[in-house]
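In: sequence-free structure coming up:
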């Protein structure tokens, strides 16, 4: 098993922090942020209602670990083609206020705060576009975020992605690249996710946690004696 400790080449310091890695959708929030974003764009008249039908079909494949992420991103980024950062930022700020903050799990916030009190570094890794993940991670108080990178030409979004998609094993590839850029070594690592799609990532950390796990991840966690956390109980969502 490749662990966080073994993939960082950073020199050790006197006090090495732990690295806490969180998936975003259905882990920290009681929803999928990309799906909410598509619905929001339809609501604002930026995207056609047919997007929701197409997106729902592709998300069914995601639940089975069989999504074609390239096709998903191509479909869901289409409404953003030709828009610039400032236009997207206005939409994202309103989106986070009205759709993300009300969907946060209180236990997720508490867990992030627990790590921060220990001096750990918080990293959010998501298979959602950076236009959503990075501002959401900032709102959560994370130290950094890894997401699917979006192409821009002359300051305008093209509807295409760039680099390795942070999806399935792509999350591990992106995480290793991120670690190579750090000037701090980590004493160990924690990983939190709900999805079987993140099995490669959870296998790569020292202390994996299955949070609100789907059936496939729950079974794997039970067989490997991983800690299972369920944050979906009543009154745990910030409304």
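Out: Received the coordinates, thanks. The structure presented is a predicted model; accordingly, all values stated were derived computationally and were not measured.
In: Residue 23: neighbouring residues, count only.
Out: The tally of other residues near residue 23 (other Cβ atoms under 10 Å) stands at 24. The C-beta positions use only the backbone N, C-alpha and C, and glycine is treated the same way.
In: ranges for the strands of the chain?
Out: Applying DSSP state E to the chain gives strands spanning 18-22, 121-129, 144-153, 156-162, 188-193, 207-211, 227-229.
In: Turn the ones you listed into CSV, including distance to residue 135.
Out: Below are these laid out as CSV (distance: least, Cβ to Cβ, whole Å):
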stretch, distance to residue 135
strand 18-22, 15
strand 121-129, 11
strand 144-153, 9
strand 156-162, 15
strand 188-193, 20
strand 207-211, 22
strand 227-229, 25
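In: Now for residue 230: which residues touch it?
Out: Listed by Cβ atoms under 8 Å, 6 or more residues apart in numbering, the contact set of residue 230 reads 211, 212.
In: I'd like to know how far it sits from residue 30.
Out: Separation of residue 230 from residue 30 (Cβ to Cβ, to the nearest Å) stands at 12 Å.
In: repeat for residue 104
Out: Distance from residue 104 to residue 30, by Cβ to Cβ: 8 Å.
In: quick one, which of the two is more surrounded?
Out: More neighbours surround residue 104 than the other of residue 104 and residue 30, with 21 against 18 (other Cβ under 10 Å).
In: surely that one meets residue 28?
Out: Yes. Taking Cβ atoms under 8 Å as the definition, residue 104 is a contact partner of residue 28 at 6.7 Å.
In: residues shared between the contacts of the two?
Out: residue 140.
In: Quick check: which of the strands of the chain is nearest to residue 81?
Out: If you check each of the strands of the chain against residue 81 by Cβ to Cβ, strand 156-162 wins as the nearest, at 4.1 Å.
In: and that closest one, what does it pack onto?
Out: Packing partners of strand 156-162 (3 or more Cβ pairs under 8 Å, 6 or more residues apart in numbering; DSSP states H and E): helix 69-77, strand 144-153.
In: Can you tell me the closest non-neighbouring residue to the residue at minimal distance from the centre of the chain?
Out: Taking Cα atoms, centre = their mean, the centroid of the chain lies closest to residue 126, which sits 2.2 Å from it. Sequence neighbours aside, residue 24 is the residue nearest to residue 126 in space, at 4.0 Å (criterion: Cβ to Cβ, 6 or more residues apart in numbering).
In: Pull the contacting residues for the one you found.
Out: 33, 124, 125, 126, 128, 133, 136, 137.
In: Backbone dihedrals for it, please?
Out: With angles defined as degrees, to the nearest 10, residue 24 sits at phi -100, psi -70.
In: Run through this structure and note the low-pLDDT ranges.
Out: Along the chain, the model assigns pLDDT under 70 to residues 1-14, 234-235, 237-239.
In: Apply 90 and report the result again.
Out: The chain contains residues with pLDDT under 90 at 1-15, 54-68, 184, 233-239.
In: which stretches of it form helices?
Out: Along the chain, counting by DSSP state H, helices occupy 4-7, 33-43, 50-63, 69-77, 85-95, 106-118, 130-140, 169-180, 199-203, 215-223.
In: got JSON lines for the ones you listed, with distance to residue 150 and mean neighbour count too?
Out: Formatted as JSON lines, the helices of the chain follow (distance: least, Cβ to Cβ, whole Å; neighbours: other Cβ atoms under 10 Å):
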{"stretch": "helix 4-7", "distance to residue 150": "26", "mean neighbour count": "17"}
{"stretch": "helix 33-43", "distance to residue 150": "12", "mean neighbour count": "20"}
{"stretch": "helix 50-63", "distance to residue 150": "17", "mean neighbour count": "14"}
{"stretch": "helix 69-77", "distance to residue 150": "7", "mean neighbour count": "18"}
{"stretch": "helix 85-95", "distance to residue 150": "9", "mean neighbour count": "14"}
{"stretch": "helix 106-118", "distance to residue 150": "25", "mean neighbour count": "15"}
{"stretch": "helix 130-140", "distance to residue 150": "6", "mean neighbour count": "20"}
{"stretch": "helix 169-180", "distance to residue 150": "14", "mean neighbour count": "18"}
{"stretch": "helix 199-203", "distance to residue 150": "21", "mean neighbour count": "20"}
{"stretch": "helix 215-223", "distance to residue 150": "28", "mean neighbour count": "15"}
